[in-house]
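Participant: What follows is a protein structure lacking sequence information:
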């Protein structure tokens, strides 16, 4: 099967994050392409491919806006998430380190920190899950489903490789953003995980023309929905 991209009738401006109030003209027609909140997104791609920028594109266009943003990151002083403070109503990004990841025995105390009446976002950025202790790994594996269904919290996890993430954690996500990875075996693994035959998945990868291009796959949508598989989140991929 060959495939082609069906251009979306959306201004080019929506594809590029800008740290400013989002213009009214870029809102129209965008919301239907954004993952439904509270989303469970796993973004896989090499450094510099655009994972963080894609997160900001979603955060900047959420309607209503997000209220809180919490980030687990190897470096709590990293400034790359500072712009998120301007894109949530609280005006604060709660930066946490690997040491702050709770053990599975302490999850209730961690969950209590989220106000379920607010629209919360939890980001897990390049946390080496397989190097964590068993109880922290168990806790992380519960985050996607529990946060989404009980805490009104969207979860966005970004990592360079799928195989470095515990299978129990991977199973918690239903939306996948996939950039080009120079490892065919891993791409085959990803295709299997998202339920797309490799022959089709490979054709979709041939649509990439830029290192920042990515596949957005929303497995919660029916196969007949054109928004289930898109290029760069906004352009449906359809059979040629």
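Facilitator: Received, thanks. Quick caveat, the model's predicted, so the values are computed rather than measured.
Participant: okay, how far is it across stretch 90-105, tip to tip?
Facilitator: The first and last residues of stretch 90-105 sit 29 Å apart, counting by CA to CA, to the nearest Å.
Participant: what about the strands in this protein?
Facilitator: Remark: strands of the chain, listed N- to C-terminal, are 3-5, 40-44, 68-73, 93-96, 120-125, 153-159, 175-179, 214-218, 229-231, 235-239; assignment by DSSP state E.
Participant: so what strands line up beside the second one?
Facilitator: Okay, so that is strand 40-44. The partner list of strand 40-44 in its sheet, established with DSSP bridges, is strand 153-159 (parallel), strand 175-179 (parallel).
Participant: Show the contacting residues for the closest residue to residue 187 other than its chain neighbours.
Facilitator: Nearest-residue entry for residue 187: residue 181, 5.9 Å, with adjacent residues in sequence omitted and distances by CB to CB, 6 or more residues apart in numbering. Where you see a C-beta, it was placed from the backbone N, CA and C, and this is true even at glycine. Applying CB atoms under 8 Å, 6 or more residues apart in numbering, one finds that residue 181 lies in contact with 44, 45, 46, 161, 187, 190.
Participant: Where is the longest helix in this protein?
Facilitator: Taking residue count as the measure and DSSP state H as the definition, the longest helix of the chain comes out as helix 134-150.
Participant: what comes up buried for stretch 154-163?
Facilitator: Along stretch 154-163, the positions that meet the burial threshold by neighbour count (16 or more other CB atoms under 10 Å) are 154, 155, 156, 157, 158, 159, 160, 162.
Participant: Check stretch 81-89 too.
Facilitator: Neighbour-count burial for stretch 81-89, counted by 16+ other CB under 10 Å, picks out 81, 83, 84, 87, 88.
Participant: Looking at these, which one is closest to residue 98?
Facilitator: Taking CB to CB as the measure, residue 98 lies nearest residue 81 of the buried residues of stretch 81-89, at 15.5 Å.
Participant: Correct me if wrong: the closest one contacts residue 96.
Facilitator: No: using CB atoms under 8 Å, residue 81 is not in contact with residue 96, being 10.9 Å away.
Participant: between these two, what contacts are shared?
Facilitator: Common contacts of residue 81 and residue 96, defined by CB under 8 Å, 6+ apart, comprise 71, 73.
Participant: re the thing from before, which one of the contacts of residue 181 has the most neighbours?
Facilitator: residue 44 (27 neighbours; other CB atoms under 10 Å).
Participant: Okay, and the beta partners of that residue?
Facilitator: With DSSP bridges as the rule, residue 44 is bridged to residue 159, residue 178.
Participant: re the thing from before, could you export the buried residues of stretch 81-89 as JSON lines, including distance to residue 35?
Facilitator: Listed next are these as JSON lines, based on distance: CB to CB, whole Å:
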{"residue": "81", "distance to residue 35": "19"}
{"residue": "83", "distance to residue 35": "20"}
{"residue": "84", "distance to residue 35": "17"}
{"residue": "87", "distance to residue 35": "16"}
{"residue": "88", "distance to residue 35": "17"}
